[in-house]
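>>> what would the 3D arrangement of this be:
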Amino acid sequence: MAASRDTPDFRALFEGIPGLYLVLRPDLTIAAVSAAYLAATMTRREEILDRDIFDVFPDNPDDPMATGVSNLRASLLCVIEDRVSDTMAVQKYDVRRPASEGGGFEERHWSPVNSPVLSDTGDVVWIIHRVEDVTEFIRAKQQEQVQERQTQDLRERAERMEAEIFRRAQELQRSNRALRESEERLRHLNETLEQRVLERTGQLEAEVRERERAQEALRDTQKLEAMGRLAGGVAHDFNNLLTVIEGTAELLLDRLQSPEDVQAVNTIERAAERGARLTRQLLTFSRQQALRPERVDLRSRVQDVTELLQRALRGDIRIVLTLADDLWPIWCDLGELELALLNICVNARHAMPSGGLVRIDAENAMLPADGEPDVGLAGDFVSLSITDTGTGIEPAALAHVFEPFFTTKEIGKGTGLGLSQVYGFTQQAGGLATIRSELGRGTTVQLLLPRSTQVEIAGPVEARLLLRQNTGTVLLVEDDDDVAIVASGMLRLIGYQAQHVRDPRTALALLLSGQRFGLVFSDIVMPGGMSGLEFARKVRQHFPHVPILLTSGYSHAAADVLQEGFIVLAKPYRADSLSEAIRQSLTHDLQQHRA
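Below you'll find the model as predicted:
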């Protein structure tokens, strides 16, 4: 069939093909259009045929930077003049939205190709204008760039925090150096005093020795207090930063599909978890960390424990771990357990100046109710024995090794707090610590720790699948905008909506205005004259039916809040722990009202 100027061949086939096509005349009027093109541009065939393409598709008048018309016109004129195809770069070319769908313009991005159809004489008869809608791809790239900028910002904040921690550590070193110099001067004075007392009477000699021991204990206490002040100051800001890093990584994992991207974010998560553990260990050593017992599977942590202890020992000391195949999980504070093992290994290192072996054996222990009276325990426990091949301990000293400030080392070589921490940790965990030693053969410290009856928590992937089961709006009160962004994302992940305010006074105003919230989630340490605890008291007083969940990375603040019966979520936290804390808050609130 011959083709006329207005009716190309195979029109029905052309209009039904799945691609986005226009057929233009050399005067740039529209001769034919595919159905797919009509759908993509929200137009109708009878409204655009025989009209100038730029009358049908003008630039967005609200976008002064729009270049779609000028770029497309230049390409079409080039095709007419050169009689060859022109592949254009991706164009931002907004399309007009029908009045039935709200009117205005909708942002679109296209990848166009303009191709000429020549007559027998070489003249351009038609121009085939083919496009691909790449809007979603462009938006995905833009979102990726935003995420890259956010990741870079987080990395820079982490570097600044690392520098600040290093600076504070240097300050602590200078303080310790000055303290050691003071100790040396005091030791010299004491030695002189002791010599004079020895020349006078034996009675005064005993009094002087007692005074030296008391002064040594006081200096050790002052060391701990100085470290505690430093740790407490660092903890809040550092835990906020870890919350942002760990929370952002978890939110990214929920969106990523690429195995390489998932692996990279998992690396960030593991680094943040190690940072959180280090912060907890620092606070534990300074006695500012409230115990956080959890289910601990020692078999799954063999590598971590080995690396941790090997760093505390010298290269000439070998460490061997032997764990029973059916070893039970235990219920204790992981940070305190690691600190206890470190203290025991440090003592072993001092007892083996020429090297040796540290052997750690773990096995299940079922203690009967009518067992040894000295033990005083019954039930299922895990026996953790740490044995060294060192010099051993004198029998007279063995009875005192668990006493605070008792040490067999020289003055200034130890605090006498290592084994007292071990003893206190096992007591608080509901277990027991014992020690036996033989001169010239070595020492064994045995820890009895209670078996955990808690069900193993689902891993990160499984936990995320269980999260989206909640509804409601949470009033989020957080002064750190980065923490608030992450917390809001976690709340959305577990099914809640979040309304964020930066201070307690604004939050109270919202509540007093009549807005209703299913839960109030607030930081404890807040600027502006009203702390999170004071805010929680006012909410409890004026809105007793609104559940309250508080959070903090500063353990002193959390301890005060716990005494008043509020639920506290420690920073840094994940979405699954946030979901569990919300569940506890709602359950606690329901129980209070029933009572």
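>>> report the mean confidence score over the helix or strand encompassing residue 343.
Residue 343 is part of helix 334-351 when elements are defined by DSSP states H and E. Per-residue pLDDT values across helix 334-351 average out to 86.
>>> residue 380 against residue 449, yeah?
No - proximity of residue 380 to residue 449 does not meet the contact threshold set by CB atoms under 8 Å, at 10.3 Å. Quick note: C-beta positions are derived from backbone N, CA and C, even for glycine.
>>> more crowded one of these two?
The residue with more neighbours, out of residue 380 and residue 449 and counting by other CB atoms under 10 Å, is residue 449; that gives 26 against 14.
>>> would the more buried one count as being in a strand?
Yes - going by DSSP: H, G, I helix; E, B strand; the rest coil, the assignment for residue 449 places it inside a strand.
>>> please name every helix or strand in contact with the helix or strand encompassing residue 170.
Residue 170 belongs to helix 135-200 when assigned by DSSP H and E. Using 3 or more CB pairs under 8 Å, 6 or more residues apart in numbering; DSSP states H and E, the elements in contact with helix 135-200 are strand 109-118, helix 202-253.
>>> stretch 120-139: which residues count as buried?
When neighbours are counted by 16 or more other CB atoms under 10 Å, the buried residues of stretch 120-139 are found to be 124, 126, 127, 128, 129, 130, 131, 133, 134, 135, 138.
>>> rewinding a little: quick one: which of the helices and strands packed on helix 135-200 has the weakest pLDDT on average?
When the mean pLDDT of each of those is compared, helix 202-253 ends up at the bottom with a mean of 67.
>>> would you report the backbone torsion angles of the spatially closest residue to residue 340 that is not a sequence neighbour?
Using CB to CB, 6 or more residues apart in numbering and skipping residues adjacent in sequence, the residue nearest residue 340 is residue 422, 4.5 Å away. Recorded main-chain torsions at residue 422 are phi -60, psi -50, according to degrees, to the nearest 10.
>>> pLDDT-wise, which helix or strand of the chain ranks last?
For the chain, the helix or strand with the lowest mean confidence is helix 460-465, at a mean of 43 (criterion: mean pLDDT, DSSP states H and E).
>>> looking at it, residue 388 is touching residue 353, isn't it?
No - look at residue 388 against residue 353 with CB under 8 Å: they stay out of range, at 11.9 Å.
>>> neighbour count winner among these two?
With other CB under 10 Å as the criterion, residue 388 and residue 353 differ in neighbour count, and residue 388 comes out ahead with 27 against 11.
>>> how close does the more buried one sit to residue 505?
Relative to residue 505, residue 388 is positioned 58 Å away (criterion: CB to CB, to the nearest Å).
>>> now for the spatially closest residue to residue 512 that is not a sequence neighbour, how many residues are close by?
If you skip the residues right next to it in sequence, residue 512 has residue 542 as its closest partner in space, 7.7 Å away by CB to CB, 6+ apart. Other residues within reach of residue 542, judged by other CB under 10 Å, total 11.
>>> now do the one 10 residues further on
Taking other CB under 10 Å as the criterion, the count of residues near residue 552 is 27.
>>> for it, grab phi and psi.
Backbone dihedrals for residue 552, given as degrees, to the nearest 10, come out at phi -170, psi 150.
>>> residue 379 now?
Taking degrees, to the nearest 10 as the convention, residue 379 sits at phi 120, psi -160.
>>> could you do residue 442 as well?
In terms of degrees, to the nearest 10, the main-chain angles of residue 442 are phi 130, psi -170.
>>> show me the beta-bridge partners of it.
In this structure, residue 442 bridges to residue 438 when assessed by DSSP bridges.
>>> you'd agree it is up against residue 393?
No - taking CB under 8 Å as the contact criterion, residue 442 and residue 393 are not neighbours in contact, 9.6 Å apart.
>>> who are the contact partners of residue 92?
66, 67, 68, 107, 108, 109 (CB atoms under 8 Å, 6 or more residues apart in numbering).
>>> against residue 566, how distant is it?
52 Å.
>>> now do the SS call for residue 499.
Going by three-state DSSP, the secondary structure assigned to residue 499 is strand.
>>> so how far is residue 475 from it?
For residue 499, the distance to residue 475 (CB to CB) stands at 6 Å.
>>> then residue 483?
To residue 475, residue 483 is 15 Å away according to CB to CB.
>>> same question for residue 443.
The separation that residue 443 has from residue 475, given CB to CB, amounts to 56 Å.
>>> likewise residue 496?
Spatial separation of residue 496 from residue 475 under the definition CB to CB is 11 Å.
>>> skipping adjacent residues, who's closest to the most centrally placed residue in the chain in space?
Most central in the chain under CA atoms, centre = their mean is residue 246, positioned 1.8 Å from the mean C-alpha point. Nearest non-adjacent residue to residue 246, counting by CB to CB, 6+ apart: residue 272, 4.0 Å away.
>>> the one you found: which element?
With DSSP H and E as criterion, residue 272 is part of helix 259-285.
>>> which SSE is immediately downstream of that helix?
Towards the C-terminus, the helix or strand next in line after helix 259-285, according to DSSP H and E, is strand 294-296.
>>> can you list the strands that that next one pairs with?
strand 330-332 (antiparallel).
>>> gap between the partner strand and the chain center?
On the basis of CA atoms, centre = their mean, to the nearest Å, strand 330-332 is displaced by 23 Å from the centre of the chain it belongs to.
>>> and that strand, what's buried?
Taking 16+ other CB under 10 Å as the basis for neighbour counts, the residues of strand 330-332 that come out buried are 330, 331, 332.
>>> what's near enough to touch the first one?
Remark: with contacts taken as CB under 8 Å, 6+ apart, residue 330 is in contact with 295, 296, 298, 382, 449, 450, 451, 452.
>>> one more pass at 10 Å, please.
293-298, 337, 362, 380-382, 384, 429, 431, 447-452 (CB atoms under 10 Å, 6 or more residues apart in numbering).
>>> now a PyMOL select for only the buried ones of these.
To isolate the buried ones among those in PyMOL, judged by 16+ other CB under 10 Å, type:
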select buried, resi 293+296+298+337+362+381+382+384+429+431+447+448+449+450+451+452
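>>> related to what we said a few turns ago, show me the common contact partners of residue 442 and residue 393, please.
Taking CB under 10 Å, 6+ apart as the criterion, residue 442 and residue 393 both touch 351, 436.
>>> can you pull the buried residues of the helix or strand residue 540 falls within?
Secondary-structure assignment from DSSP H and E places residue 540 in helix 532-542. Burial within helix 532-542, assessed by neighbour count using 16+ other CB under 10 Å, is assigned to 532, 533, 535, 536, 539, 540.
>>> for stretch 249-257, same thing?
For stretch 249-257, the buried set under the neighbour-count rule, 16+ other CB under 10 Å, comprises 249, 250, 251, 252, 253, 254.
>>> for it, measure first residue to last.
Using CA to CA, to the nearest Å, the end-to-end distance of stretch 249-257 comes out at 14 Å.
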